[in-house]
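Enquirer: Provide a 3D model corresponding to the input given below.
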Amino acid sequence: MEIIRTFRKCISGPRLYFLCSNVEYSSESYQRNSIEKCCDIMFDSCSWIITIVTYLSPFIAYNAYKHGPEPYIAIAKGTAIPALSFYILALILRGAARTANPTYAEFVNLYYSAQTSSDKEMRHNFLKKYDFEFHHWSADFIASPNNSSSLETIRGYTVPFLLRPFYYIVATWLAKPLAYPGSTYPLNAILRSQLDTSRLRYLEKDNVRRAKLRTVDGCEIDTMFFDNRGSDNDKGNTLVITSEGNGGYYEVGCFEIPQKAGYSSLGWNHPGFGHSTGLPFDTAEMNSIEAVYEYATTELGFSDQNIIVYGWSIGGFPTAYIAHAHPNISSAIVDASFDDIIPLALPRMPQLLEGMTVRCCRHYFNLHNSLLLSKYPGPVRIIRRSRDEIISTNERPDGNRGNELLGALLLQRYPTIFGDEEVQKYVRSWYAETGTITRRLSVPGELDRKFCATTVGSLPDREESYPELGTGLSTQEKIQLAYYLFDKYLTDFDVGHNSPLPPKHFEVPWKHSDSAPKN
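Expert: The predicted model follows:
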């Protein structure tokens, strides 16, 4: 009877990748026998076939409409029963092969014990010991319903009810692979081995915790926490929540940058990326970062004052959202990101589809970072890649959409300074420059740093706007203050979009009180 129970578990159990040993800082790959390998190849082949058919489905539907559906119906009838039989046979054979493998039999019995256990430490220890197909694992943390998010306050368009099926197909079939290629099966399959190996590097460490979070809309988010508290460096008491780009994963992305700089860090994969589930629409992204934030504050024990949010590329959206939703978060760093997705989406689509592109983006991918970030009152640093070829509309610094993100933020915070027409001319010229010296030389007169520091240093640190700054000042004084603030908010990094940020460039954002005269 025991072997029958084990066989049943082996049929439905997850794939096992590695056996980890965080005590000896070593690990080994799980050795599948030939039958299990063949069955896994069969299942992978089925997934590829389903993916290809899914992407070809609009063309198949059009051809069936023009020439009749009979050939496709005949194919479906002729392959349905053989395919189902093939699938069931592969499940049984793989289950038998796993049952005969003592390593897997031991794993699967421990897996189901840990899976159903309410003992958090037992679950944590199991995740430290094995690396496996994570979507089978039950959630370690479930987000509170009151943390559900909404974009209705900034959504510019809602698709009419009757057109939603059409726009949903466009969003999932066309827009999602373009905006979030990391959520597609081909990229996940191609990178699987590299992601597994990179994730193993973390699991072997004592101070790392992996967990699955369930969001309010049912997405399951794979997270990794690097705990640097208790180290000799005080930075370890600050948590950096990192949000990856549209082709990035915490295993190989910006998650490790804060660690190398001495901070604790919490990385997560977007819905559909790696072992996370769901579709990366805007509401799913917001609910995901809300779950990550709640996990950080309730389970990991970090207060808002000890949390920095850092987003790279498209990860600037969840970063801007969570900063605006929780204004007491210490600070926000936005790296190689943009103000709004529309100006980047339109040039990549035929002009004929401009209206559909705007409506689809506004309903499903309303990544309006500048509107969200402008509502956050805390310190912000914007990192601009001077040779960014992805978010620039002309592949030059002046076409970088990070300029518009910075400009919108400065205009919101200091409207009297940056709303001045003469100041705006200088700001536009600074966008084209990649060095502080060239910008400084364009400022009229000698830069009075003491005047700038004293004027700005007297302002409170956490307010959305400071309309009083600049009142009664001359145009030259406004330009000097504009340059001073521009230089404090922007960090130029002379590389392309996909180059990793060196830890030395990971700096806590400047705040007004940093410029106040020291006693």
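
Enquirer: What's the first helix or strand after the helix or strand hosting residue 65?
Expert: Per DSSP states H and E: residue 65 is located in helix 34-67. Using DSSP H and E, the helix or strand that follows helix 34-67 towards the C-terminus is helix 70-99.

Enquirer: now that following helix: how far from the chain's centre is it?
Expert: 36 Å (Cα atoms, centre = their mean, to the nearest Å).

Enquirer: ok, residues contacting whatever helix or strand comes next after that helix?
Expert: Reading on from helix 70-99 to the C-terminus, the next helix or strand found by DSSP H and E is helix 102-115. The contact list for helix 102-115 (Cβ atoms under 8 Å, 6 or more residues apart in numbering) reads 6, 9-10, 13-14, 16, 19, 30-31, 36, 98-99, 122-123, 126, 129-130, 132, 136-138. Every C-beta, even on glycine, is put in place using the N, C-alpha and C of the backbone.

Enquirer: Now, of those, which are buried?
Expert: 6, 9-10, 13-14, 16, 19, 30, 36, 98-99, 123, 126, 129-130, 132, 137 (16 or more other Cβ atoms under 10 Å).

Enquirer: just to revisit the earlier point, can you check what angle separates the helix holding residue 65 from helix 70-99?
Expert: Calculated by axes from the mean of the first three to the mean of the last three Cα atoms, to 10 degrees, helix 34-67 forms an angle of 170 degrees with helix 70-99.

Enquirer: mean confidence for helix 34-67?
Expert: Mean per-residue pLDDT for helix 34-67: 90.

Enquirer: Mind listing what's buried along it?
Expert: Within helix 34-67, the residues that count as buried by 16+ other Cβ under 10 Å are 35-36, 39, 42.

Enquirer: Now name the helix or strand holding the nearest residue to residue 255 once chain neighbours are set aside.
Expert: Leaving aside its sequence neighbours, residue 255 sits nearest to residue 267 (Cβ to Cβ, 6 or more residues apart in numbering; 3.2 Å). Residue 267 belongs to strand 264-268 when assigned by DSSP H and E.

Enquirer: Can you spell out which helices and strands pack onto that strand?
Expert: Strand 264-268 sits against strand 220-226, strand 239-243, helix 256-260, helix 282-298, with contacts defined as 3 or more Cβ pairs under 8 Å, 6 or more residues apart in numbering; DSSP states H and E.

Enquirer: Swap in 7 Å and give it another go.
Expert: The helices and strands touching strand 264-268, judged by 3 or more Cβ pairs under 7 Å, 6 or more residues apart in numbering; DSSP states H and E, are strand 220-226, strand 239-243, helix 282-298.

Enquirer: Okay, angle between the first one and helix 282-298 too, please.
Expert: Counting by the same axes, to 10 degrees, strand 220-226 lies at 40 degrees to helix 282-298.

Enquirer: Show me what strand 220-226 is packed up against.
Expert: Short answer (3+ Cβ pairs under 7 Å, 6+ apart): strand 220-226 packs on strand 208-214, strand 264-268, helix 282-298.

Enquirer: Point out where the chain drops to low pLDDT.
Expert: 21-26, 147-157, 519 (pLDDT under 70).

Enquirer: Columns distance to residue 106 on top of the buried residues of helix 34-67, output as TSV?
Expert: Output for the buried residues of helix 34-67, formatted as TSV (distance: Cβ to Cβ, whole Å):
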residue	distance to residue 106
35	18
36	15
39	20
42	25
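
Enquirer: which one of the helices and strands packed on strand 264-268 lies closest to residue 439?
Expert: strand 239-243 (28.7 Å; Cβ to Cβ).

Enquirer: Which residue ranges of the stretch 401-519 of the chain form strands?
Expert: Ranges of strands in the stretch 401-519 of the chain, per DSSP state E, counting those that start in this stretch, are 490-493.

Enquirer: From residue 417, how far off is the nearest residue to residue 455 once chain neighbours are set aside?
Expert: Counting by Cβ to Cβ, 6+ apart, residue 455 lies nearest to residue 481, which is 6.4 Å off, once chain neighbours are set aside. Distance from residue 481 to residue 417, counting by Cβ to Cβ, to the nearest Å: 6 Å.

Enquirer: Also residue 231?
Expert: For residue 231, the distance to residue 417 - Cβ to Cβ - is 41 Å.

Enquirer: repeat for residue 312
Expert: 29 Å.

Enquirer: Let me know how buried residue 298 is, in neighbour terms.
Expert: By other Cβ atoms under 10 Å, the residues close to residue 298 number 12.

Enquirer: buried stuff in stretch 437-447?
Expert: Those would be 439, 443, 447, for stretch 437-447 by 16+ other Cβ under 10 Å.

Enquirer: quick one: contacts of it?
Expert: Contact with stretch 437-447 is made by 426, 429-430, 433, 476, 479-480, 483, as judged by Cβ atoms under 7 Å, 6 or more residues apart in numbering.

Enquirer: In the residues you listed, find the pair that's most separated.
Expert: Checking these with Cβ to Cβ, the most distant pair is 433 and 476, at 19.5 Å.

Enquirer: higher neighbour count, the two?
Expert: Legend: neighbour count by other Cβ under 10 Å for residue 433 and residue 476, higher for residue 433 (17 against 13).
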